[in-house]
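Participant: turn this into a model:
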Amino acid sequence: MINRRILATALLTNFLPTTVKTTMRKKNIKQFGKTFDYLKNPDLRKKEIGKSILLVEGAAFFGEKFEGIDWENIIFRDCEFNGAYEIGPRTSTNLRYEDCRFSGVLSFGVAKAVRFHRCSWAGAPVMFAEKGSTDTVFESCEFIGASADRNQQGTVGSEGEVEYSRCHAKWFNWAGDAALTISDCECESISIHTDSRANSGNDFLSSKVRIERSKLRGYFKMTATNLQSLAIQDTVIDNLDFSLSKIKENVIIERVRGGYLNASAHSMGKLSISQCQILGRRKNFSFEVGMDSAEEVLIEHCNFGTDPTLSVGLGAGRPLEPNEWSTTPKNKYALIRNSTLPVMDASWLESRHLRLENNTIGSVDISNSRIGKLELSGNTISREVNLKGTHVKESKIQPLTKSQAKLDGSNIKLN
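Facilitator: Okay, the predicted model is just below:
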């Protein structure tokens, strides 16, 4: 049965069931005799051939409903799945789709141990495995949306756990509500969707998202996602944005290279960024994160370039009203060390402890901040250190020249 999430997604992508047409290049599944009977009636199949593998090859699935049944131990090879709300088994267990093509609005029920190998989706299809699905993997598959217009892009994935491996996607949406892994993929201008209160009510899932050894070209949107955790490793990016996300646990970003990165999630546990090279630009920033939204922040061995017109944004980035300041900042500890930053903008920052250690920095702005303990040690700073209006309880500042330090309205005393 097609669920509410699939119906809503189909409407958002402007999918019109009447526009779905089969190519008729293959024989319709209704002409497959016993194979068709076994797909429609799993009890008959079990009675006659038991649980042996059923091979379905060269079939066109169109114009026939498969709903409320259990598919198990089946290989679909070189098949076409087309239609509106016609494919909807209750469960899919130990299934393999090889060189198949999909379009329309489809459901594959609760999926367990399901593989899609060298399959393709084009236009604006909508296809989900349902809640409770595990071990659902797309291998060497292709996903190509109708256009750059997000209202004309398809969504494929799982309301449970899903993995995309060695896939190629352009102008598309991938979904994984409980867990979503992207490995060795090439993507261009795609988004990922996870569960939300709007989809599932108050018991919505928080997805564990992992991206590794991939190339994310164009934009890669993770906005408005509610995540359990996030890990991005050994990946090339153009424009990665998870600024509207809420992440319950930790964020790990390691060995990421390329363009603009916005990690300003609404909230997260510990944020750890290491061995990254972020040199892109969006307005005046190459990298942005509101450090006071994380419990801990570690940035180390990173290169943000030397362009004096580019900033690394670490603070609130805007004036705070008196009632916005916290008596106990969420950020317990922030450490930036052994990194290169052209301009560090941590203005309007709240932190219990901020430490800058052994960095190469063009200029530093920690103005109008509220910090429990502020430490600057062993940094090479070529221009000014702006501490205007900043109040601390304790500070330990490396030697600065009189022309470097800007202290108007601050309670900081230089060592």
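Participant: Thr235: neighbour count?
Facilitator: 23 (other CB atoms under 10 Å). Glycine gets a C-beta too; all of them are placed from N, C-alpha and C.
Participant: now for the residue lying closest to it once chain neighbours are set aside: which residues touch it?
Facilitator: Spatial nearest neighbour of Thr235, chain neighbours left out: Ser214 (4.9 Å); criterion: CB to CB, 6 or more residues apart in numbering. Residues near Ser214 by CB atoms under 8 Å, 6 or more residues apart in numbering: 182-187, 235-236.
Participant: switch to 10 Å and redo it
Facilitator: 164-167, 182-187, 220, 232-237 (CB atoms under 10 Å, 6 or more residues apart in numbering).
Participant: which of these fall in strands?
Facilitator: 164-165, 182-183, 186-187, 220, 232-233, 236-237 (DSSP state E).
Participant: can you lay out these as JSON lines showing pLDDT, neighbour count and distance to Ser140?
Facilitator: As requested, the ones in strands among the contacts of Ser214 are exported to JSON lines (pLDDT from 0 to 100; neighbours: other CB atoms under 10 Å; distance: CB to CB, whole Å):
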{"residue": "Tyr164", "pLDDT": "98", "neighbour count": "28", "distance to Ser140": "10"}
{"residue": "Ser165", "pLDDT": "98", "neighbour count": "17", "distance to Ser140": "8"}
{"residue": "Ile182", "pLDDT": "98", "neighbour count": "27", "distance to Ser140": "14"}
{"residue": "Ser183", "pLDDT": "98", "neighbour count": "17", "distance to Ser140": "12"}
{"residue": "Glu186", "pLDDT": "97", "neighbour count": "14", "distance to Ser140": "11"}
{"residue": "Cys187", "pLDDT": "96", "neighbour count": "27", "distance to Ser140": "14"}
{"residue": "Phe220", "pLDDT": "92", "neighbour count": "24", "distance to Ser140": "20"}
{"residue": "Ile232", "pLDDT": "97", "neighbour count": "27", "distance to Ser140": "22"}
{"residue": "Gln233", "pLDDT": "97", "neighbour count": "17", "distance to Ser140": "21"}
{"residue": "Val236", "pLDDT": "97", "neighbour count": "16", "distance to Ser140": "19"}
{"residue": "Ile237", "pLDDT": "95", "neighbour count": "26", "distance to Ser140": "22"}
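Participant: tell me which other helices or strands whichever strand or helix holds Gln228 touches.
Facilitator: Assignment of secondary structure by DSSP states H and E places Gln228 within strand 226-233. Other helices and strands packing on strand 226-233, by 3 or more CB pairs under 10 Å, 6 or more residues apart in numbering; DSSP states H and E, are strand 179-183, strand 207-212, strand 246-247, strand 251-254, strand 268-274.
Participant: toward the C-terminus, what is the element adjacent to the last one?
Facilitator: Proceeding C-terminally, strand 268-274 gives way to strand 277-278 as the next helix or strand, assigned by DSSP H and E.
Participant: any idea which residue sits dead centre in this protein?
Facilitator: Met222 (4.6 Å; CA atoms, centre = their mean).
Participant: so it sits against Asp241, correct?
Facilitator: Yes - Met222 is in contact with Asp241 according to CB atoms under 10 Å; the separation is 6.6 Å.
Participant: so where's the stretch 151-300 of the chain uncertain?
Facilitator: 223-224 (pLDDT under 70).
Participant: let's see that with 80 instead.
Facilitator: Scanning the stretch 151-300 of the chain for pLDDT under 80 picks out 151-152, 196-203, 223-224.
Participant: grab the nearest non-local neighbour of Gly123.
Facilitator: Ala146 is the one closest to Gly123 (CB to CB, 6+ apart), at 4.8 Å.
Participant: ok, now Ile366?
Facilitator: Ala346 (4.8 Å).
Participant: quick check, the one you found in contact with Ile299.
Facilitator: No - using CB under 10 Å, Ala346 is not in contact with Ile299; the gap is 11.3 Å.
Participant: distance between the helix or strand containing Val137 and the chain's centre?
Facilitator: Here Val137 sits within strand 134-139, counting by DSSP H and E. For strand 134-139, the gap between its own C-alpha mean and the chain's C-alpha mean amounts to 17 Å (CA atoms, centre = their mean, to the nearest Å).
Participant: now that strand against strand 179-183, angle please.
Facilitator: Going by axes from the mean of the first three to the mean of the last three CA atoms, to 10 degrees, strand 134-139 is angled at 20 degrees with respect to strand 179-183.
Participant: buried set for strand 134-139?
Facilitator: 134, 136-139 (16 or more other CB atoms under 10 Å).
Participant: distance to Gly104 and pLDDT for the residues you listed - can I get that in CSV?
Facilitator: CSV is the format used below for the buried residues of strand 134-139 (distance: CB to CB, whole Å; pLDDT from 0 to 100):
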residue, distance to Gly104, pLDDT
Thr134, 25, 96
Thr136, 19, 97
Val137, 22, 98
Phe138, 18, 98
Glu139, 22, 98
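Participant: dump those residues into a markdown table; add distance to Asn151 as well.
Facilitator: Listed next are the buried residues of strand 134-139 as a markdown table, based on distance: CB to CB, whole Å:
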| residue | distance to Asn151 |
| --- | --- |
| Thr134 | 31 |
| Thr136 | 26 |
| Val137 | 29 |
| Phe138 | 23 |
| Glu139 | 29 |
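Participant: could you pull out the strands for the stretch 301-415 of the chain?
Facilitator: Ranges of strands in the stretch 301-415 of the chain, per DSSP state E, counting those that start in this stretch, are 311-313, 333-337, 340-345, 350-357, 360-365, 370-377, 380-381, 385-386, 391-397, 405-406.
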